[in-house]
Structure formats: C-alpha cells, structure tokens
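Asks: sequence-free structure coming up:
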C-alpha cells in the first residue's frame, strides 16, 4: 500500500485538499444539472507542467464567455494546481481545473444570482490511446450516427462537457471495431472527436479543421512544431473525401499527445503504418515536455 | 426549525436516503465530466404524483437510447421516488430521477465497461415562473445569440443536461429585460426553451413544435386536454413569423405547468393579457392534478 492518501489523485474542493475518491460535486450544482460548466486540462510530464500559462489563458477566456466568475484568481488557481500535483506526488499527471455555475438557493432560477464554484484535481496521466497501441496506430471511423454539435449552439472553443454527440460517436466506433470516431458538422466538414483534434497530411500540407472545434493546446503545439520543422501546415475546412485520401492522419490531445491513425473506416491510411511525419512530430512533442520554454517544473519538496 | 432533516429535500444516493444538501455526484462520474446522463422530473401536487408512469416510461426509453443500465428496475425506482417524497413530507414536490454513465476505473476510457449509477431526489416544487408572475404573463424573447442544439447531434427526446445553448438564451433574455427565451433551429423553426415546451394559438389552432424538442409530459397533457375541450391542436413546424402573429402563446413545464406569455420580443401577444384559451387549459391542468386517472397518491404514513 502506498501510504500517501493522495496517491490515486488529489482534489481541491471547497478550499480543502482531499483524496480524489472523496471529491464530489453537489447534485444541485448547475455544473452537473445543466452542464453549466467549463474546464481545462493541463499535463504534468516528468515533473513539469506543459504550457501551463496557455491553459490558464484559455480557461480564463472560457469562464468569461460563460459569464462565470470563479472563486480563484489566476495566481491562486496556479497555486492550487501545483499543490494538487505536489501532494499527489505524481510525476506524470492529468490536471484539471473546473468552474461551475454553482448551487442555486431553493427555487432560484436566475443564473446571474448564483455563486460560482471552482474545483481542481490531479490524477495519474490519462491516455486516450495507450502508448503501446500508438506503436501500431489507431483505427478511426467517421461517425455516421451523429453530427457534431454546431458552434452556433454551443461554442466548442469554450471547453465543455457537452459530450452527447461524442459519446454516441464512441459507441459507434466500438460497434464498428474501431478505437474512436471523428464527427462531421452539418455541412460535412471534418471537426473533432471525443477529447481530440485531428490532423491529416494531404498533398504536401498538414491540415487541421479551422472551425467548429476546440482550439487545442496540443493542436497549437503541432502547428508550432510544424513551423519549426519547415512542414507546410494550415487550418482549413475539409471533408471526409480529403481525409480518405490523406497520406497520414493523427489525432491530438493533452491526454495522449500525438496519436497516429492507421485505418479510416476500415481502410488503411497511407501504407497502414504510423506516418513518418506523424512520428517525427510526436518525437519533437515529447522532447518539448522535458526541456525548453513550455516546461514549468513542480517543486515536490522533501 | 423544522425537526425533519429531509424538510429541504430528500435524496437517494448509493442506496442511502440523505438530506438534499449532502447529496453529491463523484467529480469523476462521467455524468458530470461528460454530461453522459439522462434524467426525468415528475411533480407531486397536493400529495399525489402526476402522470408518474408516463415519466417512468420516458426515463426508461432515455436510458435505453444512451445504453445506460441503471441500478434500479422500474418497481425499485418507483419505491425510491415514493420514499424520497414520504421522508421529505413535501405535499408539493419536484422529484428527479437520474442515471449516469458512472465512475471509470483509473485510466479506463471504454464507456461500455463502466458501472452506471442512479440517483433520485425530492425537493420543494420548482416554478419556472412564480404563480404571481403567471397572473400578468411572462415576457419572452426569441434568442438571437444562439440556436438550439440540432437533434442530429443530441436527441432532445432523451432528456439531457446539455443546456449550453439554453443558458446562453437565458442570459440573452435577461439582457433584453425578458423572463426567458425560446430558441430556433438552424432552419429557423421554433423549438423550445430552458426547461419548457411552447404552444401558440394561431388562426384557430393550437400549435406546438413537432420536431427538435423534448416530448414533454405537460406538452402531451395540453394536447390531451385540448382534445377533451374540443380545441383544434396539432404538432407542426413553424417559424418566428407565425409566433409573432399568434393570438396566444404559453410555455409548458413540469416545473410550473402552463404559463402564459404576454410579450414576445417586447411586443404584446394578442391584447397583452394572458389568453382565454391559455387560462382555460391552465385551470383544467391543475384540476387534473387533484383527482382523476393521472394522480397517484403518496402514503405519508403517520
């Protein structure tokens, strides 16, 4: 037994640090009962946060968009995140910050009058796809059962828990013997999948959907690394036909990094192996986690 | 002080009855972290459930659609709902049942392998609009800032917490000095608003949106009562122009019943007073809560 009560994860709720297994949200918090909530996830890798300030920037923008005034200001939130990681002792961690609308007083329906709430936690690093599975590459399908929620209804740039369409896509992927699914919008453009952005290498250019998607930090990192590596890359609108002709496909997420896709709707992508470009970017991505301007070390103390 | 610890509401969580203020959802329950959840709400009025079996039917269908296998079968769930009300002592109650995807084991991402969870609670009856406010009627706006989530992305017939668009509509309503907002779909058809269906009386027929909306039990009750009263009524697709020309408008919800709308986008509806038809149906609606086939009395015991 690990004697550290926070070994499975450390949460911060109502101003207290508690083991993740005890952390909960009031059933009447509208963050649950209306999914009136935003969040962000930042990785700690080998004892250092990766692009923490970029995640904090995005979280602040998300809160503003939803008119949420979280309990903690930026410095206080940063302190809480470091403390969750420090107490957990985790060197590789998945660190989440959450702001909810909060608990209305009995009968209150005016969302402006509710005191917003903040939560945070650090748990062991989460992989959308295990590293071993990434060696062979993932089978991906384009969802037919569902389309992506329109950005005119729910803004995907504000990181949210509205995963009904994404979970439906996941079930379809399982039914079709794939690992995960990417969704199209109403116009047939490729968007994103459960927890990830998508890239494809098509006719000499790396493409990622320009609209209707989360502005992922890993997505931005890929664009940054592509520039450094001299690989042509841009945001664009493209459809399933483009994806089907792509030489390489990969998905990106803070939970797993850059993950090669080797089959699309059952057919091989390129030669059916993780692409050269994908592997090169993936190597650069993990290299950037251990040294350089994007890393902020955690002080674990004694 | 009321000596009953359940006076503010009684919840059922993990097989225990607890005061509503102590009821919570694990922060790692995907019912929260992915809004992978369905629910239903049934009213208790003057000591009797209203159309309980219809609500249980709908809840079962919702669970099936999301591939949720809740902990409780129908009889056990019914028993829990009665017990929540009985312990609370509430004669007028808002009674909610919830099924969530549940808490994944560390690192588990396969939604099929997660044990689903059930929750339930009874709290004092909730009004979307206070009865006093209903005497003058509600100011309603048609949301311009957001469209309704498409039913091709998230099925509105499966009662869900994906309220991002609805909450945005609510904020817009407040900004425009209204009480609430109704949303249009991408094609410009009128759909629904935060927690309610909508009806309008237009050229001699009562209309309610046919598609892209929750199949509300109050909505169905209005259609049933209209038939009994000999009022022509049907489900139809209609746009904002139809609504603007309607002689009467009202919204319906288990949380408040049949609520007259007297201004639309700042202009009076009809003569600017609650409509005759609206008031007649509202009277029949509440009459049906105290006697008749839709009422199931609660046995509160000694």
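Replies: That came through fine. As the structure is a computational prediction, the values presented were derived from the model and not from experiment.
Asks: low-scoring stretches of chain A, by residue?
Replies: A:1-2, A:302 (pLDDT under 70).
Asks: and if we set it to 80?
Replies: Counting by pLDDT under 80, the ranges of chain A that qualify are A:1-2, A:106-107, A:109, A:302.
Asks: the closest residue to residue A:282 other than its chain neighbours and chain B, how far apart?
Replies: Excluding its sequence neighbours, the residue lying closest to residue A:282 (Cβ to Cβ, 6 or more residues apart in numbering or on different chains) is residue A:258, at 4.2 Å. No exception for glycine: its C-beta is placed from N, CA and C like everyone else's. The gap separating residue A:258 from chain B is 17 Å, by Cβ to the nearest Cβ, to the nearest Å.
Asks: quickly note the distance from residue A:258 to residue A:274.
Replies: 10 Å (Cβ to Cβ, to the nearest Å).
Asks: check residue A:38 too.
Replies: For residue A:38, the distance to residue A:274 - Cβ to Cβ - is 33 Å.
Asks: so who does residue A:147 touch?
Replies: For residue A:147, the contact set (Cβ atoms under 8 Å, 6 or more residues apart in numbering or on different chains) comprises A:165, A:183, A:184, A:185, A:186, B:150, B:152, B:153.
Asks: how about a cut-off of 6 Å?
Replies: A:184, A:186, B:152, B:153 (Cβ atoms under 6 Å, 6 or more residues apart in numbering or on different chains).
Asks: the third one: which element?
Replies: Pointing back at residue B:152 there. Here residue B:152 is covered by no helix or strand, with elements defined by DSSP states H and E.
Asks: leaving out sequence neighbours, find the closest residue to it.
Replies: Using Cβ to Cβ, 6+ apart, the closest residue to residue B:152 is residue A:147 (4.8 Å).
Asks: and if you look at residue A:86?
Replies: Using Cβ to Cβ, 6+ apart, the closest residue to residue A:86 is residue A:300 (5.5 Å).
Asks: from residue A:277, how far out is the one you found?
Replies: From residue A:300 to residue A:277 the distance is 36 Å (Cβ to Cβ).
Asks: those two: which is more packed in?
Replies: residue A:277 (19 against 14; other Cβ atoms under 10 Å in any protein chain shown).
Asks: spell out which parts of the stretch 101-250 of chain A neighbour chain B.
Replies: Neighbours of chain B within the stretch 101-250 of chain A, by Cβ under 6 Å from any Cβ of the partner chain: A:111, A:147, A:149, A:152-154, A:161-165, A:167, A:170.
Asks: just the helices in chain A please.
Replies: Here chain A has its helices, by DSSP state H, at A:30-33, A:52-65, A:74-88, A:131-136, A:164-175, A:217-229, A:240-245, A:276-287.
Asks: what comes up buried for stretch A:253-268?
Replies: By 16 or more other Cβ atoms under 10 Å in any protein chain shown, the buried positions in stretch A:253-268 come out as A:253, A:254, A:255, A:256, A:257, A:258, A:259, A:260, A:261, A:262, A:263, A:264.
Asks: stretch A:234-254 now?
Replies: A:236-238, A:242-243, A:246-254.
Asks: could you dump the residues you listed to a markdown table with distance to residue B:133?
Replies: Output for these, formatted as a markdown table (distance: Cβ to Cβ, whole Å):
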| residue | distance to residue B:133 |
| --- | --- |
| A:236 | 50 |
| A:237 | 46 |
| A:238 | 50 |
| A:242 | 53 |
| A:243 | 52 |
| A:246 | 57 |
| A:247 | 62 |
| A:248 | 59 |
| A:249 | 55 |
| A:250 | 54 |
| A:251 | 49 |
| A:252 | 49 |
| A:253 | 46 |
| A:254 | 46 |
